[in-house]
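1. Please work out how this folds:
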Amino acid sequence: MNEAEKAAAGLLYDANYDGDLLRRRDEAKLKLFNFNHTPFTEKQKRDDILESLLGKRGKNFTIEGPFFCDYGYNIEIGDNFYANVNFTVLDGAKVIIGDNVFIAPNVGIYTAGHPLDAERRNKGLEYAHPVTIGDNVWIGAGVNILPGVTVGSNAVIGAGAVVLKDVPEGVLMAGNPARVIRKISEEDKLRYN
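-> Numbers count the residues shown, from 1 in each chain. Purely as a prediction, here's the structure:
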């Protein structure tokens, strides 16, 4: 089993010294450099770069620059997606994002974590657990989503939240650590009338 296969299986893998993973990250960094330095007016060029970087992307798709990720090929994004500036995805494992997802500035999605013991950590070992985000999700500014989290459809995560555990469908979740604040209800549809 190579290091990428270990990562996909949720096992400890050598993320820092394995030649193949370093090469893959370098390839992604070059594409990200080109994306982040291409003017927003050159939309087709920016789209072509993202098409070559990401594992899957849907229609009506916008990522404002700068954007950062580890590999890109582990990221799958649905239709009607918008991510504002400074979107960061550490995608040692799959990151699957549904349709109609909106992401505010300075959001991080992290599949990677490190052993607590210094000996293994200093050997460059880490683990990666997938992150899944359902449909119709809004993620507020400065949110951090940690390894292994699933965000249910129709959820909203409030600005500054640190999401350590799964987010149920149809709730507002916020805080550090994030917790359910309340269910999103029919009354919320009337709020801005």
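2. where does the protein have low pLDDT?
-> In the predicted model, the chain carries no residue with pLDDT under 70.
3. which one's the longest helix in it?
-> In the chain, with assignment by DSSP state H, the single longest helix is helix 19-36.
4. list the buried ones in that one?
-> For helix 19-36, a neighbour-count test (16 or more other C-beta atoms under 10 Å) marks 21, 24-25, 28, 31-32, 35 as buried. To be clear about C-beta, it is placed using only N, CA and C from the backbone, and glycine gets the same treatment.
5. okay, how far is it across stretch 144-153, tip to tip?
-> End-to-end distance of stretch 144-153: 18 Å, with C-alpha to C-alpha, to the nearest Å as the criterion.
6. So what touches it?
-> Around stretch 144-153, the neighbours that count as contacts under C-beta atoms under 8 Å, 6 or more residues apart in numbering are 93, 98, 107-113, 127-137, 139, 157, 161-171.
7. do stretch 32-45 as well
-> 46, 49-50, 53, 64-69, 72.
8. make it 10 Å
-> Contacts with stretch 32-45, where a contact means C-beta atoms under 10 Å, 6 or more residues apart in numbering, come from 46-50, 52-53, 62-70, 72.
9. Using CSV, write out the CA atom coordinates for that stretch.
-> The C-alpha trace of stretch 32-45 is given here as CSV (Å, rounded to 0.1, in the frame of the first residue of the first chain):
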residue,chain,number,x,y,z
LEU,A,32,-2.7,27.2,-7.5
PHE,A,33,0.0,29.7,-8.1
ASN,A,34,-1.2,30.2,-11.6
PHE,A,35,-4.9,30.4,-10.5
ASN,A,36,-4.2,32.8,-7.7
HIS,A,37,-2.1,35.1,-10.1
THR,A,38,-4.5,35.0,-13.0
PRO,A,39,-6.7,38.2,-13.1
PHE,A,40,-10.4,37.6,-12.3
THR,A,41,-11.2,39.0,-15.8
GLU,A,42,-9.6,35.9,-17.4
LYS,A,43,-12.5,33.7,-16.2
GLN,A,44,-11.9,30.9,-18.8
LYS,A,45,-8.3,30.6,-17.9
